[in-house]
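Chemist: Quick one: sequence plus predicted model below, questions after.
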Amino acid sequence: MKTLSLERLITEYPSFIVLRFPSVGAQTTGYQVTVQQASAANDYQASVFLSDQKGDLVQTYLIQFVKEAPALTRLEVSVEGKENATEDQVLPYHVIGHYEDGSQTEFSASDIHLDASSTDGGHLEVNGQNLLLYTKGSVTLTPRIDNQTDKTQSVATVVVIKENKVAKKIVKLHPVSISTDINQQPNLPDQIGAEFDKGLPRKLAVTWDKVDEKELASYHSFTLKGHVEGTDIEASANVTVEGLQVAEEISLTLPKGETVQLPASVRAYHSNGTTVYKDVVWDKVPANFSQTEGIYEIKGQLAGSHLTTKAHVRISSQVVAGNNISKQWTGSQLPAAIVSNTGGDDSANTLERL
């Protein structure tokens with residue numbers, strides 16, 4: 001028995017089996033052919049039976065037809081309890097997909113994008129499978145899915161949010177944490193999270209105290225107070241003054257007449273104790289830079305930072321090539337510590353005294 005794909009049937013048996021969906025035909029010489037057509041009853045699987053002249057079964061071919069999935073024609077949103085929608089409520093919603101064969105399915109929140117719009121200030125937020133109702137007004141909800149085609153209609157629904165007139169008070173203001181560079185005013189938020197004794201938490205406008213310039217002159221953390229209308233509870237911002245404090249300077253020795261190769265980045269040390277590599281833009285090096293012996297400086301600017309660095313370059317003709325690093329004397333000033341490699345030629349096992 002053979003189960004063949006449509007592609008293989010067409011390629012391997014072009015004159016034996018003829019497909020005109022949903023019908024299957026087969027013909028050959030010297031054999032008897034019996035065809036069982038595909039139908040819903042046999043899960044759309046056609047069979048071709050090949051028998052010899054005595055009626056004994058020689059070969060069976062199974063042809064599986066795969067039915068194309070029905071197209072998605074419509075997306076609709078239903079909101080539980082939307083007739084009595086009021087500020088501070090949490091309402092579940094459902095997105096139903098309708099297909100051309102009449103079937104339906106409910107999409108999960110992770111499969112759907114729910115666009116919300118309003119012309120009168122109404123505001124809600126989508127949180128998983130729920131709607132958080134914040135501000136009174138009319139909000140239009142429109143569902144859509146990724147790769148949606150023109151065959152699918154998105155049916156919008158309108159949620160009219162009524163005002164919540166129940167009195168409530170602020171019980172907590174969420175603290176915020178802000179980072180800023182030295183001598184740089186922090187970028188403080190205009191709103192801060194607030195929790196109430198009733199209803200949903202929400203963002204409220206906050207007015208911050210003035211930042212003392214002295215607090216920004218050194219690397220440390222300090223607390224800044226703020227005020228929200230309608231409560232005596234103080235808002236709080238933890239401000240950390242941090243940034244790159246210093247960049248490393250590099251030293252290298254260059255044989256006389258050779259071209260200097262400066263590193264593309266250097267280490268920079270952060271006030272929080274970490275070390276990062278930052279790109280450097282070096283000053284232009286003169287064409288005859290290495291023609292004269294001596295010690296020279298090349299300045300560089302760290303990209304995106306106020307920090308600068310230097311490359312201290314010694315131009316010297318006193319360079320000895322070899323495997324032993326203690327012999328590669330560059331003419332640097334004493335005192336110096338010089339150690340040779342162990343093993344190989346000219347091995348040494350002592351470190352010269354300074």
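Modeler: Cool, the structure landed. Computed from a predicted model, the values in this text were never measured in an experiment. Numbering: from 1, shown residues only.
Chemist: what number of residues lie near the nearest residue to Ser236 once chain neighbours are set aside?
Modeler: Spatial nearest neighbour of Ser236, excluding adjacent residues (C-beta to C-beta, 6 or more residues apart in numbering): Pro175 at 4.4 Å. From N, CA and C alone the C-beta is placed, and that goes for glycine too. By other C-beta atoms under 10 Å, the residues close to Pro175 number 14.
Chemist: Report the mean confidence score over the helix or strand hosting Gln245.
Modeler: Gln245 is part of strand 244-247 when elements are defined by DSSP states H and E. Mean per-residue pLDDT for strand 244-247: 92.
Chemist: Helix, strand or coil: sort out Ile315 for me.
Modeler: Following DSSP: H, G, I helix; E, B strand; the rest coil, the label given to Ile315 is strand.
Chemist: What residues does it make contact with?
Modeler: 254, 256, 289-290, 292-296 (C-beta atoms under 8 Å, 6 or more residues apart in numbering).
Chemist: List just the nearest of those to Thr140.
Modeler: When these are compared for distance to Thr140 (C-beta to C-beta), Phe289 wins out at 68.5 Å.
Chemist: With adjacent residues omitted, what lies nearest to the closest one?
Modeler: Val260 is the one closest to Phe289 (C-beta to C-beta, 6+ apart), at 6.2 Å.
Chemist: tell me which element that neighbour is part of?
Modeler: Short version, using DSSP H and E: Val260 is in no helix or strand.
Chemist: pretty sure it contacts Ser290?
Modeler: Yes. Taking contacts as C-beta atoms under 8 Å, Val260 lies within contact range of Ser290: 6.3 Å.
Chemist: overlap in contacts of these two?
Modeler: With C-beta under 8 Å, 6+ apart, Val260 and Ser290 have common neighbours Leu254.
Chemist: Looking at the two, which one has more neighbours?
Modeler: The residue with more neighbours, out of Val260 and Ser290, is Ser290; 19 against 15, by other C-beta under 10 Å.
Chemist: residues touching that one, list them.
Modeler: So Ser290 contacts 254-260, 315 (C-beta under 8 Å, 6+ apart).
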